Structure formats: C-alpha cells, structure tokens
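J.: Predicted structure and sequence below. I'll ask about it afterward.
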Amino acid sequence: MIERKEVSVLQEQTIINVCLLAGRIMLKSGAETYRVEDTMVRIANAYGLEYAQSHVTPTAIMFASSTTNPTNFVRIVERVTDLHKVSQVNSVSRRISTGDLTLDEACDELEEIEMQKNTYPVWVQLLAAAAASGGFTIMFQGAWSDFFPALVVGSMAYGAMQYFHRTLKVRFFAEFLASIILGFLAYLFSQFGIGADIDKIIIGSVMPLVPGLLITNAVRDLMAHHLVSGIAKTAEAALTALAIGAGVAAIFFIV
C-alpha cells in the first residue's frame, strides 16, 4: 500500500491533475456522476489527500484537495459513449488504491487512455446498428420481410446521426435529422413494396438512436441521490427522444 505522508505543494497539484484527468475521461465517456466522484476521491485518498472533495454534474467537474483549499473547475462540453474507457480508468483507480502505480505512472496511463480513439471503427458500429435494428424488428413481431429494410435503414440512420454530431453544433439537431432520414428511407422501402410493415421497420431502426445509456445513468444517479445530475440527464434523454419522434413524425406529415 502507498504510505501516508506529507504531500508537498507540487505533489498535491500533480495529484489534483491526475484526479481531474480521470474524472474528465470518465464523464466524457458516459460514466455516471456518482461513479466519477467516487473514483476521483479514491485516487486522491490513495495518494495522501485524505480530505479531498468532489462535485460532478453532467457538464462540469469541481474538485478540491480539502475543504479549505481552492476549488478546481473543469468544463465538459462533449460527451460520447465509450464504456471501455470508463472500465480502463476504473482499472487504473483500483491499481492506484492497491499501491501498484506511482503518481507519474498513473498520469502516463490516464493520458494514454484519453488519447485513444474509438474502440471500434465506424464500419463495425454501422454493422452493429444494422444487426440491432434487424433484431429489434423481429423482436417486435415484425415479419422476416421487414428484416432487410430495417438493416439498411437502421445502419444509415445511425451513420447519419454520427455524421451530424461531428458537423453540427446545435444540440439534438443531429437526432432530428437522422430520424428524418430514417422515416424517409422506411417510407421509400414501403412504397417499393420491400417490407411488410413500415411501423415495424421504423420501430426496429430507431432503437440504435434511443439514448438508452443516458436513461440508465439518469436512473442510477437519482437512486444514488444525485438529484441535479439525475434530473438533468432525464431532461436530456427526454429532449433526445422528442427530437427522434419529431423527425419521424415530420416525414409522415409531409408524405
């Protein structure tokens, strides 16, 4: 175990930077706010900051080495879903707690984790979205003739959402445009007689767009008494679902 000892000012600042880096990676990768807070405090305690305090919201991290020291603030602008990074940071945190990592080693590993790109390339994500769309279509009692249209519509809608997320700065607009494309493609398939039920195609294809992780994290934060974060994530999930529904409805209104 790491011995408890006096921490110099330089060491304290390095520890704070490591804690903020770990918290930033986790929050940007879709971790629950209570998990981010717990990880940061555990790392600080392991390195000798026994009175560290942290407060996390979906868009910000506040951390102090004690109740009387200045508070450090980090703004989180973009968030993605990358549970692999969350797992990696948790692993680093556990190794820090058991004394297997020095401060410099922990900093180097966390920087490597932050620099990692997506775990899976885009084509794998599109294949997964297609498989999920087709599977959900059958699960929702769609016909096998709806399976292939759902594969195509689901993968293209998911790809469109990822593209719009990268190019547009307006929140929820990517989901809205992607759902418009989804509804239009499903309508085209039905018009050409490919697929038996347009409703089942749309229901299956829209599932990869649904903010499932966000909803799960909102519930878990509420259960952990993180009311601000839980309510904020619930509102974000609701607005995302509204954008998806509005996009599909817009196609039916137009055609």
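T.: Sure thing, it's come through. Please read all numbers here as calculations on a predicted model, not as lab measurements. Residues are numbered from 1 along each chain as shown.
J.: Show me the shaky parts of the stretch 51-200 of the chain.
T.: Within the stretch 51-200 of the chain, the stretches with pLDDT under 70 are 118-119.
J.: Show me where it has its helices.
T.: Remark: helices assigned in the stretch 51-200 of the chain by DSSP state H, counting those that start in this stretch are 83-97, 103-115, 122-139, 147-167, 173-191, 198-206.
J.: which strands and helices sit next to the first one?
T.: Meaning helix 83-97. When contacts are defined as 3 or more Cβ pairs under 8 Å, 6 or more residues apart in numbering; DSSP states H and E, helix 83-97 sits against helix 9-28, helix 33-46, helix 103-115. C-beta here means a position set from N, CA and C on the backbone, and glycine is covered the same way.
J.: follow-up on the earlier one: redo the helices of the stretch 51-200 of the chain as JSON lines? Include mean neighbour count and distance to Leu227.
T.: What follows is the helices of the stretch 51-200 of the chain, written out as JSON lines (neighbours: other Cβ atoms under 10 Å; distance: least, Cβ to Cβ, whole Å):
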{"stretch": "helix 83-97", "mean neighbour count": "19", "distance to Leu227": "22"}
{"stretch": "helix 103-115", "mean neighbour count": "16", "distance to Leu227": "29"}
{"stretch": "helix 122-139", "mean neighbour count": "18", "distance to Leu227": "32"}
{"stretch": "helix 147-167", "mean neighbour count": "21", "distance to Leu227": "28"}
{"stretch": "helix 173-191", "mean neighbour count": "21", "distance to Leu227": "26"}
{"stretch": "helix 198-206", "mean neighbour count": "25", "distance to Leu227": "30"}
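J.: export those to JSON lines and tack on distance to Asn72?
T.: Conversion of these to JSON lines gives the following (distance: least, Cβ to Cβ, whole Å):
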{"stretch": "helix 83-97", "distance to Asn72": "18"}
{"stretch": "helix 103-115", "distance to Asn72": "16"}
{"stretch": "helix 122-139", "distance to Asn72": "34"}
{"stretch": "helix 147-167", "distance to Asn72": "29"}
{"stretch": "helix 173-191", "distance to Asn72": "31"}
{"stretch": "helix 198-206", "distance to Asn72": "40"}
